[in-house]
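**Student:** Predicted model follows, preceded by the sequence.
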Amino acid sequence: MKNSKICGRFAPTPSGRIHLGNIFCSLLAWLHAKSQGGEIVLRIEDLDKVRCPRPNADLLAKDLEWLGLTWDKGAYVSEDGERYFQSQRFDIYAEHFRKLEDRGLIYPCFCSRGQLHAAEAPHLSDGRILYAGTCKNLTVSEREERAKLRQPAYRLAVIDEPISFIDGNYGKQSYNLIEESGDFIVRRSDGVYAYQLAVTVDDGLMNVTHVVRGADLLSSTPIQIYIYKLLGFTPPEFLHIPLLMAPDGRRLAKRDKDLDLSMMRKEYDSPEPIIGYLAYLAGQIPKAEPISTLELAKIFKPELIPTDNIVVPPQLPRL
Ligand code: GLU
């Protein structure tokens, strides 16, 4: 049964061939929407055009098709498919950037990477830097002077208030952006809009109601909720999923060659063993065995998804 009130999305960054971790995320986002009769959008997050050339995205679309994942709207699907590539949406980000700027919430930041990494800058546990607000109170003439030497990045000022939300997998979350990120970058010094702004504007304008994505983005969620509210969008519901890890404790990445889809497609004639293995890791079936995406959509239960990150062997087990 169709349910036009639910809209999910998969928003990959095509910086290389997709691997098991990306497939895990695309599968769960797809199942979450499809099991409820909802729609799902495919958006290509190629803000960084150098790291994400178009042939990567073309291959990604073919891989997703091979896996049996179909999209209701988006890149390669909609008539205006080009508008689902973030690299083609800078005019839209600029318009929303200006709305925040007009409210006096954005200021230029001239700090170099070196200054930000200086000893006095407090570091967060995940390696990110808590921005100390160095450029927030520069005078107009100080800004003019610095602009002669350096193109600034632009930051959005945050507030000293908790932002709370219920994650569909990790439960109640509460963050104070003053302590967790400080004023964050919305436009880089090279003019590229930052992920946090782009993803929020896109999910808002694309009427996404449910975001299913990796747990590495859990701490970005309060930043995005803050932007949604400033721009007058209703935030979607969030469900974060555990990350797939290599046996040495690293996150699966492009270097885990045997688990990227080019290798796996050489091993398997059909996607069903890969889908079955991932469905098993996601707690959806009791034993790893081949299954199709359509069969899985009939039995999908988000409450069975585990919360702990999952270690996978260097090669997919033979099913
Ligand atoms: N483009 C991001 C990635 O591939 C995902 C962004 C999101 O789901 O919000 O990691």
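**Tutor:** Thanks, I have the structure now. The structure displayed is predicted, hence computed values, not measured ones.

**Student:** Work out for me the element Ile227 sits within.
**Tutor:** Element membership for Ile227, per DSSP states H and E: helix 221-231.

**Student:** Now do that helix: distance to the chain's middle.
**Tutor:** Remark: helix 221-231 is offset 14 Å from the chain centroid, using C-alpha atoms, centre = their mean, to the nearest Å.

**Student:** Then stretch 304-312?
**Tutor:** 18 Å.

**Student:** then that stretch to CSV, C-alphas only?
**Tutor:** C-alpha atoms of stretch 304-312 as CSV (Å, rounded to 0.1, in the frame of the first residue of the first chain):
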residue,chain,number,x,y,z
LEU,A,304,15.5,-5.1,15.4
ILE,A,305,18.5,-3.1,14.1
PRO,A,306,21.4,-3.4,16.6
THR,A,307,23.1,-0.3,18.1
ASP,A,308,26.6,-1.6,18.5
ASN,A,309,29.0,-1.2,15.5
ILE,A,310,29.4,-4.5,13.6
VAL,A,311,32.8,-6.1,12.7
VAL,A,312,32.7,-7.8,9.3
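
**Student:** where are the low-confidence patches of the chain?
**Tutor:** The model of the chain has pLDDT under 70 over residues 1, 118-121, 125.

**Student:** So which residues on it come close to the ligand?
**Tutor:** 11-13, 45, 199, 213, 217 (C-beta under 6 Å from any ligand atom). The C-beta positions use only the backbone N, C-alpha and C, and glycine is treated the same way.

**Student:** In the protein, mark out all the helices, start to finish.
**Tutor:** Taking DSSP state H, the helices of the chain run over residues 20-34, 54-67, 90-102, 113-116, 140-149, 177-180, 195-205, 221-231, 261-267, 272-281, 293-299.

**Student:** related to what we said a few turns ago, and the residues of the chain next to the ligand, which is closest to Leu105?
**Tutor:** Val199 (18.0 Å; C-beta to C-beta).

**Student:** Test my guess that the closest one contacts Leu47.
**Tutor:** No: counting by C-beta atoms under 8 Å, Val199 stays clear of Leu47, with 9.4 Å between them.

**Student:** neighbour-wise, which of those two wins?
**Tutor:** Val199 (25 against 22; other C-beta atoms under 10 Å).

**Student:** ok, the more buried one to Ala11 distance?
**Tutor:** Shown here: Val199 relative to Ala11, a distance of 7 Å by C-beta to C-beta, to the nearest Å.

**Student:** Mutual contacts of those two, please.
**Tutor:** Here Val199 and Ala11 have Glu45 as joint contacts, going by C-beta atoms under 8 Å, 6 or more residues apart in numbering.

**Student:** Now for Ile23: which residues touch it?
**Tutor:** Taking C-beta under 8 Å, 6+ apart, one finds 67, 261, 274, 278 in contact with Ile23.

**Student:** still on that earlier bit, only the buried members of the residues of the chain next to the ligand: can you turn that into a ChimeraX selection?
**Tutor:** Filtering the residues of the chain next to the ligand down to the buried ones (16 or more other C-beta atoms under 10 Å) takes a single ChimeraX command:
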select :11,12,13,45,199,213,217
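
**Student:** Restricted to strands, list the residues of the chain next to the ligand.
**Tutor:** Arg213 (DSSP state E).

**Student:** closest to Lys172 among the residues of the chain next to the ligand?
**Tutor:** The nearest one, if we look at the residues of the chain next to the ligand relative to Lys172 and count by C-beta to C-beta, is Leu217, at 17.2 Å.

**Student:** how many other residues sit next to Gly21?
**Tutor:** Neighbour tally, Gly21, other C-beta under 10 Å: 24.
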